[in-house]
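Asks: Sharing a sequence plus its predicted fold:
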Amino acid sequence: MEQWVRRNPFTLPIALLGLQLGLSVGRKLYKIKTGGPHDEEVVRSPIKSLLPKLSSEEATSLPYPPDAFPGIRDVVSPYGSLRVYEWGPEDGRKVLLVHGISNPCLVLGAVAHGLADKGCRVMMLDLPGRGYSDTPVPTPHSTRLYTTTILLALASSPLSWTGNNETFALIGYSLGGGIVANFTSYFPTLVSSLILLAPSGLLRQSRITLMNKILYNTGLVNEITLERLVMRRMKGEGQPTSPDEPKEKPSIDTALREEMPQKREHDLFTPPVLSRIRPEAKISGIIPWQLDNHPGFIKSFLSSIRYGPVAGQHADWQRIAQRLTAQNASGEERYEKEGLQNGKVLIIAGHRDIVIIEDELVEDATEVLGEKNVRFEFVDAGHELPVSKSKEILAFISAFWEEKSSTPV
């Protein structure tokens, strides 16, 4: 036997791979035929799995305190409980902010507070499987789920966000950029302006390694094994990036590390206040906290990679471009009332981002949206720009709104 293996070194691995593939297909066929033993399930967030075990003092000292922002509500839905925050003047410009793939909405806290200071009514939510939102399984974390999530959050407000010709601004960061672009492509009359921060959606396939595609997309690796592998990789991430690090192909979980502020010797970086209620809250400890305390976090992360708007979203962006082109060509007054009143998409990104590369972003977004339909602004930051450059982002947003609107911001 040993001599046969030495003469045929590739036969056994191929046979094992075939067995694994056969088992995987068999499990899928079983689910198609019978519906599977757990066709629909909700994995509860730390609200149920952790908070009941903690005192109030222990809860407020968590990396992501449960009362980090005003206007807390937990929205009950068929997809589980959804954590939403909403505050600011009731008659102010309405703004919904959507975070990225790994950190909950705390990552956008400094931007949200700044908008509220300018008189905006802001809303943030934890996407499914992040922070204090439950995880629906095996529901794919695709644009369909995320569109439903946004609509659930809007419908739960005591104010009208979509009725009586109401519109609201959408700000999406990283994966959230892909999510809000997709939402806007289908509901442009609801969106007063679209602002994307280092957005996903147009990430080039050449920047996703072959190993990433095999592990995260084909199902050749047992799901439990894969979850454990990814958890170990995530716990090893989070180290500061070298200032001279080349723009390499990002690993599938590079975004986790890059959503945290990177300390560089030449930077005089002061961590921003993300939560004014709990100013000690910091992004740096949230991913390990989710890994240890949110049973659905890994499942949501993997599902977002597989089904979310990471790459290949050109059709969504083209629908936005068609709307803007028609709007800008006609100049009809009705467009000024129905949505996308600014006539452009504002994209803000970082010069040093190794996930969303500046040159590629400008080339690809300009090609799909059209030069007249997009404005780019850049800050001296990496992928963590909403945390490290919130003041600059707020200035760009204010200037963008003031250009075509007399509404105070």
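Replies: Alright, I've got the coordinates. Numbers count the residues shown, from 1 in each chain.
Asks: helix or strand for residue 193, which one?
Replies: Per DSSP states H and E, residue 193 falls inside strand 191-197.
Asks: Repeat that for residue 97.
Replies: Using DSSP H and E, residue 97 falls in strand 94-98.
Asks: thinking again about what came up before, let me see the residues that make contact with the strand holding residue 193.
Replies: Outside strand 191-197, the residues that touch it by Cβ atoms under 8 Å, 6 or more residues apart in numbering are 93-94, 167-174, 176-177, 180-181, 183-184, 320, 339-342, 345-349, 385-386, 393, 397, 400-401. Placement of C-beta: from N, CA and C, glycine included.
Asks: Give the pairing partners of that strand; include direction for each.
Replies: strand 168-173 (parallel), strand 345-350 (parallel) (DSSP bridges).
Asks: can you give me the angle the first one makes with strand 94-98?
Replies: What it means is strand 168-173. 20 degrees (axes from the mean of the first three to the mean of the last three Cα atoms, to 10 degrees).
Asks: CA atoms of strand 168-173 as CSV?
Replies: In CSV, the C-alpha atoms belonging to strand 168-173 read as follows (Å, rounded to 0.1, in the frame of the first residue of the first chain):
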residue,chain,number,x,y,z
PHE,A,168,-33.3,60.3,2.8
ALA,A,169,-29.6,60.4,2.2
LEU,A,170,-27.7,57.0,2.1
ILE,A,171,-24.1,56.7,3.3
GLY,A,172,-22.5,53.3,2.9
TYR,A,173,-19.0,52.2,4.0
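Asks: Show me what it is in contact with.
Replies: Applying Cβ under 8 Å, 6+ apart, the external contacts of strand 168-173 come out as 93-100, 107-108, 111, 154, 161-162, 178-181, 183-184, 190-199, 386, 397, 401.
Asks: Next: the last one.
Replies: The set of residues external to strand 345-350 that reach it, using Cβ under 8 Å, 6+ apart, is 193-199, 320, 324, 356, 358, 361, 365, 369, 373-385, 389, 393, 396-397, 400.
Asks: The spatially closest residue to residue 61 that is not a sequence neighbour in helix, strand or coil?
Replies: Nearest residue to residue 61, sequence neighbours excluded (Cβ to Cβ, 6 or more residues apart in numbering): residue 280, at 7.7 Å. Assigned by DSSP: H, G, I helix; E, B strand; the rest coil, the conformation of residue 280 is coil.
Asks: Which pLDDT value belongs to residue 280?
Replies: With respect to pLDDT, residue 280 scores 93.
Asks: For the remainder of this discussion, apply numbering that starts at 10.
Replies: Sure thing, new numbering starts at 10, so read that last one as residue 289.
Asks: tally of neighbours for it?
Replies: 12 (other Cβ atoms under 10 Å).
Asks: repeat for the one 10 residues further on
Replies: Other residues within reach of residue 299 by the criterion other Cβ under 10 Å amount to 26.
Asks: List the contacts of it.
Replies: Residue 299 sits in contact with 111, 113, 139-140, 306, where contact means Cβ under 8 Å, 6+ apart.
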